[in-house]
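>>> Fold the following, please.
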Amino acid sequence: MNEPTRAEIDALTGPTLLEFGASWCGFCQAAQPLIAEVAKRHPALRHIKVEDGRGRPLGRSFRVKLWPTLIYLEGGVERGRVVRPGSVADIDAIFAS
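Coordinates of the predicted model:
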């Protein structure tokens with residue numbers, strides 16, 4: 001899948017979770033069960049995984065520095081973010097922002 005553009009992300013409707021990371025990243029791999037649990041409890045949530053890296057424009061437009069970075073959007077607007085979550089509670093906190 002091609003990386004979506006910032007304009008495509010900004011135009012999304014409904015709740016969306018952007019996950020920036022890399023397949024080889026240990027922190028990203030460790031977070032997968034946590035992300036899966038949160039996704040299971042929020043069935044209406046759209047989950048978009050973005051393979052990030054040097055020179056990738058979408059990650060830079062969101063000022064992503066560390067992986068994984070999870071960004072919660074409503075109607076294309078950032079409502080919360082968590083970097084390197086260690087628990088389901090860390091991820092759930094971004095929905096209350």
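
>>> ok, longest helix in this structure?
helix 26-41 (DSSP state H).

>>> list the buried ones in it?
28, 31, 34-35, 38 (16 or more other Cβ atoms under 10 Å). Where you see a C-beta, it was placed from the backbone N, CA and C, and this is true even at glycine.

>>> pLDDT and distance to Ala44 added to these, as CSV?
CSV is the format used below for those (pLDDT from 0 to 100; distance: Cβ to Cβ, whole Å):
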residue, pLDDT, distance to Ala44
Cys28, 97, 24
Ala31, 97, 21
Leu34, 97, 19
Ile35, 97, 16
Val38, 95, 12
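
>>> closest to Gly59 among these?
Cys28 (12.8 Å; Cβ to Cβ).

>>> And the helices in the protein?
Under DSSP H, the chain gives helices at 6-10, 26-41, 57-61, 88-92.

>>> which other helices and strands contact the longest one?
If I follow you right, that is helix 26-41. If you count contacts as 3 or more Cβ pairs under 8 Å, 6 or more residues apart in numbering; DSSP states H and E, helix 26-41 packs onto strand 15-21, helix 88-92.

>>> Alpha carbons only: can I get it in PDB?
Presented in PDB, the C-alpha positions along helix 26-41 are these (Å, rounded to 0.1, in the frame of the first residue of the first chain):
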ATOM      1  CA  GLY A  26      11.600  -3.700  18.400                       C
ATOM      2  CA  PHE A  27       9.600  -1.100  20.100                       C
ATOM      3  CA  CYS A  28       7.000  -1.300  17.300                       C
ATOM      4  CA  GLN A  29       6.900  -5.100  17.500                       C
ATOM      5  CA  ALA A  30       6.400  -5.000  21.300                       C
ATOM      6  CA  ALA A  31       3.500  -2.500  20.900                       C
ATOM      7  CA  GLN A  32       1.500  -4.700  18.400                       C
ATOM      8  CA  PRO A  33      -0.400  -6.700  21.000                       C
ATOM      9  CA  LEU A  34      -1.400  -3.500  22.800                       C
ATOM     10  CA  ILE A  35      -2.500  -1.800  19.600                       C
ATOM     11  CA  ALA A  36      -4.500  -4.900  18.700                       C
ATOM     12  CA  GLU A  37      -6.300  -4.900  22.100                       C
ATOM     13  CA  VAL A  38      -7.200  -1.300  21.700                       C
ATOM     14  CA  ALA A  39      -8.400  -1.800  18.100                       C
ATOM     15  CA  LYS A  40     -10.600  -4.700  19.300                       C
ATOM     16  CA  ARG A  41     -12.300  -2.500  21.900                       C
END
